[in-house]
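Visitor: the sequence and its predicted three-dimensional model are supplied below.
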Amino acid sequence: MTLTPDEVREVRFSAPPSGRRGYNADEVDRFVDRIEATLRGRDGLTAEDVHSIRFRKPPRGEPGYFDAEVDVFLNLAAETLAGLGSGYDMAEVDAFIDRVVAALHGADDLTVQEVREVKFATAAVGSDGYEEEGVDSFLLVVAMALEKLADRRLDPPHLLTAGDVERVGFHAAKLDEFGYQEDEVDAFLDAVAATLRGTGGLTARHVREITFGEPEQRGRGYDQDEVDAFLDLVEAQLAASPAASRR
């Protein structure tokens, strides 16, 4: 059995049997609030946190909550949290990526500080999430880009390296959208990396005019917004310093 956020919010505990002191009610209430917040993607409790929590006895004269009831609830909560989907909330990441794309086209005033400090909720129970390391790596590159593009100067050392290009990862397209063919994007990124190493001949125009095919089914291929945003960075660098490269 797993718990929903609403079930956690509505949980109530009895007083312990006469003559027995239970758990401190205030401490239990605060922890239950955190469990609910975690299930809604607003906190980061784990099953281990639940198993390891310890509550004090209530103040003298107060019964507190029946410890046996609380323990049963906590076991259910730990079981629920153990089955949580991992990763960042997809809607929050998608909304932020929309701002990144707009900022790279001069249509949003997103700042470097906002990119560096953004926090995403954990995917809610039963929901898929974006892999955290991939998102974090992508946003690190974005922050560097915005920092350099703020005054449109890309003086050496250059922004992107071949290693940056080889490490970047893109998420799959949303279920109701078409992505870019992965093999075509990967092949083009190999050419970008070669250019940044000085062994390829891509220009900003090549990057600007490149087109990729789409899979036959929605939800397949690389997310188009993420790929386009990254290629905007590549185009800006090659346009500013077309003959330069960095290993």
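Guide: That came through, no problem. Residues are numbered from 1 along each chain as shown.
Visitor: beta-bridge partners for the residue most central in space within the chain, please?
Guide: What sits nearest the mean C-alpha location of the chain, by CA atoms, centre = their mean, is residue 88, with 3.5 Å. The residues paired with residue 88 through beta bridges, assigned by DSSP bridges, are residue 122, residue 130.
Visitor: ok, now how distant is the nearest residue to residue 5 once chain neighbours are set aside from residue 31?
Guide: Using CB to CB, 6 or more residues apart in numbering and skipping the chain neighbours, the partner closest in space to residue 5 is residue 39 (4.3 Å). Any C-beta I mention is one placed from the backbone N, CA and C, and that applies to glycine too. In this view, residue 39 and residue 31 are 13 Å apart by CB to CB, to the nearest Å.
Visitor: please identify which of the two sits among more neighbours.
Guide: Set side by side, residue 39 and residue 31 show unequal neighbour counts under other CB atoms under 10 Å, the larger going to residue 39 at 26 against 19.
Visitor: is it correct that the more buried one is in contact with residue 4?
Guide: Yes. Counting by CB atoms under 8 Å, residue 39 does reach residue 4; the two are 7.1 Å apart.
Visitor: list the buried residues of whichever strand or helix holds residue 133.
Guide: Mapping residue 133 onto the secondary structure by DSSP states H and E places it in helix 132-149. Of the residues in helix 132-149, 134, 135, 138, 139, 141, 142, 143, 144, 145, 146, 148, 149 count as buried by neighbour count, 16 or more other CB atoms under 10 Å.
Visitor: the next helix or strand after it - contacts with which helices or strands?
Guide: Proceeding N to C from helix 132-149, the next assigned helix or strand is helix 162-167, under DSSP H and E. Helices and strands touching helix 162-167, by 3 or more CB pairs under 8 Å, 6 or more residues apart in numbering; DSSP states H and E, are helix 182-196.
Visitor: apply 10 Å and report the result again.
Guide: helix 132-149, helix 182-196, helix 224-240 (3 or more CB pairs under 10 Å, 6 or more residues apart in numbering; DSSP states H and E).
Visitor: can I get the second one in CSV, CA atoms only?
Guide: Backbone C-alpha positions of helix 182-196 (Å, rounded to 0.1, in the frame of the first residue of the first chain) are rendered in CSV as follows:
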residue,chain,number,x,y,z
GLU,A,182,19.2,11.1,-32.4
ASP,A,183,21.7,9.7,-34.8
GLU,A,184,21.6,12.9,-36.9
VAL,A,185,22.1,15.2,-33.9
ASP,A,186,24.9,13.0,-32.6
ALA,A,187,26.7,13.0,-35.9
PHE,A,188,26.5,16.8,-36.1
LEU,A,189,27.8,17.2,-32.6
ASP,A,190,30.7,15.0,-33.5
ALA,A,191,31.4,17.6,-36.3
VAL,A,192,31.1,20.4,-33.8
ALA,A,193,33.5,18.8,-31.4
ALA,A,194,36.0,18.3,-34.3
THR,A,195,35.7,22.0,-35.2
LEU,A,196,36.3,23.1,-31.7
